[in-house]
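> my questions are about this predicted structure, shown below with the sequence.
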Amino acid sequence: VDSLGVSALASANVFQREALLIAQFELNRKLGAFCNGFDDTLDRRIERELLPRSSAQSPLAETSWDALSLVDNHEVEVQVSAERFGLQIAQDCEAEQRELESFVSSALQAFGEAPRNPLRPELIGNAMVRSVDKLTDRAELRTVLIAELGRSMAASMGPTYAAIVAEMRAAGLKPALPSFRTSERGSGFGRTSSGYD
């Protein structure tokens with residue numbers, strides 16, 4: 001909320017300044033609902049990420065007929081905005097994110113799960129964009145809010161990831177050892193057992 005006001009004061013464009021001030025007013029007025037919406041959306045996404053995935057069952061078998069519908073333009077816009085938001089966050093905290101992923105992988109491997117980081121920037125971006133989407137129906141305000149929240153979160157996610165890693169370290173968790181996958185090219189896939197002729 002405060003950064004929207006600072007950006008409004010720094011803006012030389014009258015229309016941009018007005019949009020920032022209106023966005024600040026709306027976010028301040030609905031801050032509780034916005035935070036609750038973000039928490040609920042992120043919790044659902046994290047829960048979905050941490051559910052065990054059965055390798056025997058195909059993803060199509062889990063899909064209900066209700067889910068088989070065309071995606072409207074607005075949903076596509078939300079997905080694209082969420083992806084951009086996640087990329088904006090990720091570019092400023094790559095090292096911290098990699099370190100967090102190694103700790104999360106270690107924690108999830110202890111439960112027999114495949115390593116998946118439920119705090120990936122794209123999941124956080126998705127929750128943030130969906131919360132902004134519920135906050136206002138005005139496209140220009142959503143654009144301003146997403147841009148400003150993206151800048152703010154990009155600056156704060158590095159220290160946030162580092163703090164999570166520090167807490168995991170303090171709890172005695174060790175990072176997962178790096179694993180390497182062999183490629184089909186080097187494994188001799190498709191070659192005869194006689195080698196090169």
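Happy to help now that I have it.

> all helices for this structure, in order.
With DSSP state H, the ranges of helices along the chain come out as 2-10, 14-29, 31-50, 73-91, 94-110, 121-135, 139-170.

> in a markdown table, list the ones you listed along with distance to residue 177 and mean pLDDT.
To be clear about C-beta, it is placed using only N, CA and C from the backbone, and glycine gets the same treatment. Below are the helices of the chain laid out as a markdown table (distance: least, Cβ to Cβ, whole Å; pLDDT from 0 to 100):
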| stretch | distance to residue 177 | mean pLDDT |
| --- | --- | --- |
| helix 2-10 | 40 | 86 |
| helix 14-29 | 43 | 90 |
| helix 31-50 | 22 | 90 |
| helix 73-91 | 23 | 84 |
| helix 94-110 | 8 | 84 |
| helix 121-135 | 24 | 89 |
| helix 139-170 | 16 | 90 |
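
> please work out which of those helices is packed deepest.
helix 121-135 (a mean of 22; mean count of other Cβ atoms under 10 Å).

> the inter-axis angle of that one versus helix 14-29?
Computed by axes from the mean of the first three to the mean of the last three Cα atoms, to 10 degrees, the angle separating helix 121-135 from helix 14-29 equals 90 degrees.

> point out the other helices and strands that helix 121-135 packs with.
helix 31-50, helix 73-91, helix 139-170 (3 or more Cβ pairs under 8 Å, 6 or more residues apart in numbering; DSSP states H and E).

> could you redo the last one with a cut-off of 10 Å?
When contacts are defined as 3 or more Cβ pairs under 10 Å, 6 or more residues apart in numbering; DSSP states H and E, helix 121-135 packs onto helix 14-29, helix 31-50, helix 73-91, helix 139-170.

> ok so, going back, can you put the helices of the chain in a markdown table and add distance to residue 176?
Written out in a markdown table, the entries for the helices of the chain read as follows (distance: least, Cβ to Cβ, whole Å):
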| stretch | distance to residue 176 |
| --- | --- |
| helix 2-10 | 36 |
| helix 14-29 | 38 |
| helix 31-50 | 16 |
| helix 73-91 | 20 |
| helix 94-110 | 4 |
| helix 121-135 | 19 |
| helix 139-170 | 11 |
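
> so which of the helices and strands packed on helix 121-135 comes closest to residue 121?
helix 73-91 (4.1 Å; Cβ to Cβ).

> distance from the chain centre to the closest one, please.
9 Å (Cα atoms, centre = their mean, to the nearest Å).

> which residues touch that helix?
71-72, 97, 120-130, 132-133, 139, 142-143, 146-147, 149-151, 153-158, 160-161 (Cβ atoms under 10 Å, 6 or more residues apart in numbering).

> repeat that with 6 Å
Here helix 73-91 makes contact (Cβ atoms under 6 Å, 6 or more residues apart in numbering) with 121-122, 125-126, 128-129, 133, 146, 150, 153-154, 157.

> greatest separation within these: which pair is it?
Among these, the pair separated by the greatest distance (Cβ to Cβ) is 133 and 157, at 20.5 Å.

> just the endpoints, please. Distance across stretch 22-37?
End-to-end distance for stretch 22-37: 20 Å, by Cα to Cα, to the nearest Å.
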